[in-house]
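K.L.:
need a structure here:
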Amino acid sequence: MTTILRRAYPAIITRPVVGHRHFVASAIQMARISDIIKQDHREIQQAYENILDSKDPSDKVRWRNQFTWELARHSIGEELMLYPAFEKHVQQGKSMAARDREEHLMIKKDLAVLQDMSPDHPEFGAVLGSLWGNLRQHIQEEEHEDLVALEKALSPEESDAMVRSFQRTKMLTPTRSHPNAPDKPPFETVAGLMAAPLDKIRDLFREFPEEKTSH
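P.N.:
Just a heads-up that it's a prediction; the model follows:
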């Protein structure tokens, strides 16, 4: 049996254990916080485009809910983890973070209106358009200026550690927009954690788009 296995899987059976461990370790790639933020941006944009493309009112509601969920937790995750990193590591980072927080406040105010507005409402398109216009500009500035400066200031290990912290924070933040919550740590941490349980309970009764499985 051993001979048969060696013939079928020679690279696996004959490779020394130490070499295999080295191969696994070298294959692991550290993540960058800028890539994770950009991935979030693409998911938010896709939800927005799905709102526009949906013809059925119930589908628009589902994608509005998805858009709200993605954007609210992403924004608060940035305010808790990303903007303090700007202030700590980047030259002119304090002014950069202050500008981003101001932009977030405008976005969250529109999102707070949108999240409970019916797609049939005459102002729905205007609110969505205003929100996306501000958000698109914010995303462009963040991706082409802020994140570039941050990655230059961080080591690969620091950037990878920020990814894990950012993802954990998103799991504990509200799933709906709270524009009146404080937007600086540690106060937002408390406000966010207090709001999250109620929001998550509410979301059990809110419809979301079904996950599509690939075959």
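
K.L.:
can we go C-alpha only for contacts and neighbour counts from here?
P.N.:
Noted.

K.L.:
quick one: contacts for Lys152?
P.N.:
With contacts defined as C-alpha atoms under 8 Å, 6 or more residues apart in numbering, Lys152 has no neighbours.

K.L.:
sec struct for it, please.
P.N.:
Of the three states, Lys152 takes helix under DSSP: H, G, I helix; E, B strand; the rest coil.

K.L.:
Tell me how far it lies from Ile33.
P.N.:
12 Å (C-alpha to C-alpha, to the nearest Å).

K.L.:
Quick one: distance of the helix or strand that contains Ala47 to the chain centre.
P.N.:
Ala47 belongs to helix 33-53 when assigned by DSSP states H and E. In this view, helix 33-53 has its centroid 8 Å away from the chain centroid, taken as C-alpha atoms, centre = their mean, to the nearest Å.

K.L.:
Does anything pack onto it? Which helices or strands?
P.N.:
The contact analysis (3 or more C-alpha pairs under 8 Å, 6 or more residues apart in numbering; DSSP states H and E) places helix 33-53 against helix 57-77, helix 147-153, helix 156-172.

K.L.:
how about 6 Å then?
P.N.:
helix 57-77 (3 or more C-alpha pairs under 6 Å, 6 or more residues apart in numbering; DSSP states H and E).

K.L.:
The helix holding Ala47 versus helix 156-172: what angle between them?
P.N.:
40 degrees (axes from the mean of the first three to the mean of the last three C-alpha atoms, to 10 degrees).

K.L.:
let's have the chain start at 30 instead
P.N.:
Yes, from this point I'll number from 30; that puts the last item at helix 62-82.

K.L.:
Helix 62-82 versus helix 86-106: what angle between them?
P.N.:
Using the same axes, to 10 degrees: helix 62-82 against helix 86-106 is 160 degrees.

K.L.:
C-alpha coordinates for helix 62-82, PDB please?
P.N.:
Output of helix 62-82 as PDB, limited to C-alpha atoms (Å, rounded to 0.1, in the frame of the first residue of the first chain):
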ATOM      1  CA  ILE A  62      -5.800  46.900   5.500                       C
ATOM      2  CA  SER A  63      -6.100  48.900   2.200                       C
ATOM      3  CA  ASP A  64      -7.100  45.800   0.300                       C
ATOM      4  CA  ILE A  65      -9.800  44.900   2.900                       C
ATOM      5  CA  ILE A  66     -11.200  48.500   2.900                       C
ATOM      6  CA  LYS A  67     -11.300  48.500  -0.900                       C
ATOM      7  CA  GLN A  68     -13.100  45.100  -0.900                       C
ATOM      8  CA  ASP A  69     -15.700  46.600   1.400                       C
ATOM      9  CA  HIS A  70     -16.100  49.600  -0.900                       C
ATOM     10  CA  ARG A  71     -16.700  47.200  -3.900                       C
ATOM     11  CA  GLU A  72     -19.400  45.300  -1.900                       C
ATOM     12  CA  ILE A  73     -21.100  48.500  -0.900                       C
ATOM     13  CA  GLN A  74     -21.000  49.800  -4.500                       C
ATOM     14  CA  GLN A  75     -22.500  46.500  -5.700                       C
ATOM     15  CA  ALA A  76     -25.400  46.700  -3.300                       C
ATOM     16  CA  TYR A  77     -26.000  50.300  -4.500                       C
ATOM     17  CA  GLU A  78     -26.100  49.200  -8.100                       C
ATOM     18  CA  ASN A  79     -28.400  46.400  -7.300                       C
ATOM     19  CA  ILE A  80     -30.900  48.900  -5.800                       C
ATOM     20  CA  LEU A  81     -30.800  50.800  -9.100                       C
ATOM     21  CA  ASP A  82     -31.100  47.700 -11.200                       C
END
